[in-house]
Every structure is written in structure tokens, then in C-alpha cells.
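J.: pasted the sequence and its predicted model underneath.
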Amino acid sequence: MSITAAVRRAAMIAPAALAYREGDTPVVWSQACVRIASLAAALRRSGLQPGDRVATLSGNSARHLEAIYATWWAGGIVVPVNTRLAHGEIRYILDHSGSTLLLADGENHADAERVAALSQSAIGVVNLDEDDRYNEMLCNEAIPDTYPAADSTAGIFYTGGTTGTPKGVELTHANFLFAAMGANREIRLDHKSVYQHAAPLFHLADFCIGNGVTLAAGTHSFVEKFSPESFYNGLREDKVTHVCLVPTMLATVLDAEIRDDALLKQVESITYGAAPISTSLLKQVIATFPSARLQQFYGMTECCGASTVLVSERHVDGPDGPAKLDSAGRPFLGCELRVVDTDFEDVVSGTAGEIVMRGPHIMRGYWNDPTRTEDVFKDGWLRSGDVGVLDEEGFVHVVDRLKDMIVTGGENVYSGEVENALATHPAVTHCAVVGVPDERWGECVHAVVVVRPDSDADANTFDTYLRERIAGYKVPRSYELNRTELPLTAVGKIRKSVLREEWTISNG
């Protein structure tokens, strides 16, 4: 079974339900299925063969979603590209994946043409926002689904690694179906759900929830570029019920001058993840969205989005037990998870180690990269590179990335723990903690803090505050307090590599 089964199912169980709006035109699921099949026919007429790679360079839109499903319907493999990448990075992805077609929206079309011209292979470029061309593609006679095999490659998602060249995570149709069913179950999606694509479609968190929405015959609502204005407009115009926001997005929405609590009350479900969230922000979210169920997903690109879920019942004290706000939840149904030491032996409950996973959601490997594929797997288990702790109830507490763990004077300091403590100070808007070189200690803890404009808090303020909450060796030895924002990836993760590099430049 392929992920295109989700489209066929939606058209069968809710043919008259709204799938999305294409511009001002409402498209119901019966129509969406025909449009996707017609676009697939156009792709086949352009020369696309089963197994060919089709890259997309686009913001969130109905046409972007249709292009993805049409590629699958025609038997192709999708390669969603981060629109924030530099030309050289995009060219690398196109060449490495062997993409033969690049579908771009109007805003990214010029970049797409430029990069395609520099590519080592001939790449056709289609402007998804060129109405005449797009409508012409829709006029093709619909073709039957190619029914790609469940174990065949469906997508290649490139990681934004901080070192070396990007890795193409090869995900199958079975991976995506498992993820879609998990999203459908955990977020409680149905044909009445209206999901806002606020995070970019090229990010797996949004991508996989989107597939769950399709599987449930729900409605897709698109935010081309996230901002408080676009978020609240979506809630108002499309009657959005379900959202997925990373912590920085949640903070932005809650701190916005145009915050509308009446609109927030209509939100039924908030999914968050992709980056650590402070307990203080989480409690603020719980208080501000009175009608919403909260779900935290933890995972990575290599596991098709998510491996664990902290269900809504464990965000509050209830019949299933007390809240677990400091955890990432328990493994998904079908996912196995362990925490191991350097010898790959299970650690004692409550002890930190590396999180490893296996199950039907785990990637096939890295595209055309057997060496790095072999490095990330051990005995069939995917090594996450994350440090975590399993408690006695099976809840996973993600402590830090292995690469972000700071070793100072022989002591391990997990940056996430320091950030969580620092974020509880009322003067802190955002913060990040990194390790910086030090001749005496090896590394020192350094904090970068965005301070609220109306606050006079300084380094001494934070130093005193933290020493009452965490061990002395974990307290930052230096602070940077003059920023108005932190460098973020397209999906809201803090770019700690940039902070380390900037520190190195500033300190010679």
C-alpha cells in the first residue's frame, strides 16, 4: 500500500468534504483526487518515470500539496527542498538526489531556474504559480494511481547537518503511512478537522501530520509564511481547529500584540516538538489555550517525524497519572525505544544514555550513502544522537543532543537543562546555551539571552537566579545579552552552530 491510498480513502469516505482552498476556490476531496490524478498525467507526459525524483522548492500552498501527491500518484519520489538554503546547497541536493524535475512557486521560481541551469543534469523547472501552465496541467486526462509498493522509496528529505554535506534520508511509502496513521490516532483527526500548515511542508513534522489530515479526509489550511498575523488570519478565515507549532512559534503567537484569545479558544489540538520547550512556556500554553488538547512529538527526520508522544492526558493531572511536562512521552504504538551506554547495553532506569529506536517508521537509509547509513545503525537500531533518560513508567526524558552536551572540567552539562532553568526567569524571552572553548576547563558554558525590552536584568541577575536552581558547574560563565532574536532554522530550531561560530569570531 502506498501513501496515495490516503487520497483515495478521503475521496471515498468524504467526497463532499472540503479538502482545501486553491486560491478562492474550494476543492472537495472528490475533486482533489481528480486534480491530483490529472497533474500526475501531466508529469508522466513531461517524461517522469516511476522512481524518478521530483524536487519541490515552494512555500506552503494547496498547489505544493497537490504536486507532492501527484508525484506519488505518477510513481515518482518527492524531494522537498528547504527554501532558505543557498543556491549551492540546493544544487547539491538536486545533483545528489538525481532530480529530473523541479517544481517551484512564484517566489522561488527565479532561484529554481538559476540553480537548475548550474546543475550537472538536465532539470525541467515548473512554476506552480503560473496559472495558465498549471491549469493546462489540470486539463490532462486523469490517470490511474501507479500503486507504488509499500517498501519503495517515497521521499528523500535532506537533513541540515552542521558538518559535512547534507544527508538524504530515504523514506518509504510504508514509513509515511505508519506516520500518517500515528498522527491520525494521536491528534484525533477526522473529516471535521481543519489543520493549519504553519510550519513548512518541507519539514517532516508538518508533512506527516498533513498526510494524517488527508487520511482522515480533513481540511488543509495553508500559511505561506508564518507570522502572528498569518496565524491569526488562518484561525479566523478557515476556522482552524488543529495546529502544529514549534516552541519559538508558540512563544511568538502568545507574545504578539495582535493576540486574540477569543480565536485561541477555537483551537482543539496543539502539537508541538522539533525543539526543546521550557516548562514555563508550556504552562503558559496550557493556560492560554483552554479548549486545546496538547501533544508533544519527539523524533527526527530518520524516523519519519516522530517516535514518541506525550499525550494530552499527561499534560494535566488525571486518571492516567500525574503530568509529565518534562518528558517527551512514551513510544508510539509499533515503535521500540531503548536508552543505551557506549557499549550499547541498556542503562538503568533514570540513567542518561543514547536513545536508539527501531520500527516501521525508521528510514531505509541515507540516499546513495552506505557509509553513513552503516554508521547510524547498530544491530537494526537507529542511533538518534540524543541523550535521554527512561523513567520507571517508560516516559522518555530528552536531555540533550550528544553534540550539544558540554564537557567542562570533566563534568557533563546538558544545555537543555540550563536553558530550561534560565527560561523560567521573567526577563527572558528566548535563550540558548552552548559550549565554548576554554584552556582551563576544556569547555565553558555560555548563554545567549534575548531579554525583554522593559527589563534591566544583567548577567549578575541571571547568575544569582541560576545558582539557586542548578549546580554551580552548570551555571554559564559568560552571557551575551544584546540580541533581539536568535538565529533559527526554517522550522524554528535554534542554530547553535551559528552561535558558536559567532562567539569564536568575537573572541579571536
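T.: Great, that's in hand.

J.: my read: Glu42 touches Met137, true?
T.: You called it Glu, but residue 42 is Ala. Yes: the pair Ala42 / Met137 is scored as a contact, 3.7 Å apart, by CB atoms under 8 Å. Backbone N, C-alpha and C define where each C-beta goes, glycine included.

J.: dihedrals phi and psi, the closest residue to Leu177 other than its chain neighbours?
T.: Nearest residue to Leu177, sequence neighbours excluded (CB to CB, 6 or more residues apart in numbering): Ile3, at 5.6 Å. Taking degrees, to the nearest 10, you get phi -70, psi -20 for the backbone angles of Ile3.

J.: same question, Arg330
T.: phi -110, psi 160.

J.: check the spacing between the nearest residue to it once chain neighbours are set aside and Asn175 real quick.
T.: Closest residue in space to Arg330, ignoring its immediate chain neighbours: Gly394 at 5.2 Å, by CB to CB, 6+ apart. Applying CB to CB, to the nearest Å, the value for Gly394 to Asn175 is 23 Å.

J.: more crowded one of these two?
T.: Asn175 (28 against 13; other CB atoms under 10 Å).

J.: that one belongs to a strand?
T.: No: going by DSSP: H, G, I helix; E, B strand; the rest coil, the assignment for Asn175 is helix, not a strand.

J.: quick one: terminal-to-terminal distance for stretch 294-307?
T.: Separation of the first and last residues of stretch 294-307 by CA to CA, to the nearest Å is 16 Å.

J.: where is the longest helix in this protein?
T.: When the chain is scanned for its longest helix (criterion: DSSP state H), the result is helix 29-45.

J.: tell me the mean pLDDT over that one?
T.: The predicted model gives helix 29-45 an average pLDDT of 98.

J.: which stretches of this protein have low pLDDT?
T.: Counting by pLDDT under 70, the chain has low-confidence residues at 160-164, 274-276, 318-320, 401-402, 410, 439-440, 490-492, 508.

J.: just want the most central residue of it.
T.: Ala205 (3.7 Å; CA atoms, centre = their mean).

J.: quick one, what contacts that one?
T.: 199, 244, 246, 271, 273-274, 297, 305-306, 491 (CB atoms under 8 Å, 6 or more residues apart in numbering).

J.: with Val243 as the reference, measure out to it.
T.: Taken as CB to CB, the span from Ala205 to Val243 is 12 Å.

J.: cool, and Glu224?
T.: 16 Å.

J.: now do Gly350
T.: 34 Å.

J.: looking only at neighbour counts, state which of the two leads.
T.: Shown here are Gly350 and Val243; by other CB under 10 Å, Val243 has more neighbours (29 against 11).

J.: now that one: which helix or strand?
T.: strand 242-244 (DSSP states H and E).

J.: and the contacts of that strand?
T.: Under the contact criterion CB under 8 Å, 6+ apart, strand 242-244 has outside partners 187, 189, 193-196, 198-199, 205-206, 209, 213, 218, 231, 267-272.

J.: right, and the helix or strand after it?
T.: Downstream of strand 242-244 (by DSSP H and E), the next one is helix 247-255.

J.: next SSE downstream of that next one?
T.: helix 261-264.

J.: so which bits of that following helix are buried?
T.: 263-264 (16 or more other CB atoms under 10 Å).

J.: keeping just the C-alphas, turn it into CSV.
T.: Taking C-alpha atoms only, helix 261-264 is exported to CSV below (Å, rounded to 0.1, in the frame of the first residue of the first chain):
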residue,chain,number,x,y,z
ASP,A,261,-7.7,35.0,23.0
ALA,A,262,-11.2,34.5,21.5
LEU,A,263,-9.7,32.9,18.4
LEU,A,264,-7.4,30.8,20.5
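
J.: now for that helix, which elements pack on it?
T.: helix 228-238 (3 or more CB pairs under 8 Å, 6 or more residues apart in numbering; DSSP states H and E).

J.: so what sits opposite Asn412 in the bridge?
T.: In this entry, Asn412 is beta-bridged to Val407, by DSSP bridges.

J.: cool, and Leu101?
T.: The partner residues for Leu101, given DSSP bridges, come to Val54, Gly124.

J.: how about it, what does it touch?
T.: For Leu101, the contacting residues are 43, 46, 48, 52-55, 76, 123-126, by CB under 8 Å, 6+ apart.

J.: quick check: of those residues, which lies closest to Ala457?
T.: Ala457 has its nearest neighbour among the contacts of Leu101 in Ala55, at 46.0 Å by CB to CB.

J.: now do the contacts for that closest one.
T.: 78-81, 93-94, 97, 99, 101-103, 123.

J.: export those residues as TSV, with columns for distance to Met357 and secondary structure.
T.: Below are these laid out as TSV (distance: CB to CB, whole Å; DSSP: H, G, I helix; E, B strand; the rest coil):
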residue	distance to Met357	secondary structure
Val78	24	strand
Val79	24	strand
Pro80	23	strand
Val81	26	coil
Ile93	25	helix
Leu94	30	helix
Ser97	25	helix
Ser99	29	strand
Leu101	33	strand
Leu102	33	strand
Leu103	32	strand
Ile123	35	coil
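
J.: got a winner among those for most neighbours?
T.: Ranked by neighbours (other CB under 10 Å), the contacts of Ala55 are led by Leu103, which has 30 neighbours.

J.: which strand or helix spans the closest residue to Lys378 other than its chain neighbours?
T.: Excluding its sequence neighbours, the residue lying closest to Lys378 (CB to CB, 6+ apart) is Phe344, at 6.0 Å. Phe344 is part of no helix or strand, with elements assigned from DSSP H and E.

J.: Phe344 is in contact with Gly380, isn't it?
T.: No: assessed by CB under 8 Å, Phe344 is found out of contact with Gly380, at 11.5 Å.

J.: those two: who's more crowded?
T.: Taking neighbours as other CB under 10 Å, Phe344 and Gly380 compare with Phe344 leading, 14 against 9.

J.: report the contact partners of the more buried one.
T.: 356, 378-379.

J.: which parts of the stretch 251-400 of the chain are helices?
T.: Applying DSSP state H, counting those that start in this stretch to the stretch 251-400 of the chain gives helices spanning 261-264, 279-288, 370-376.

J.: ok, which of those comes nearest Asp404?
T.: helix 370-376 (17.6 Å).

J.: touching the closest one from outside, list them.
T.: Outside helix 370-376, the residues touching it (CB under 8 Å, 6+ apart) are 167, 302, 365-366, 382-383.

J.: most neighbours among these, please name it.
T.: Highest count within the contacts of helix 370-376 by other CB under 10 Å belongs to Glu302, 28 neighbours.
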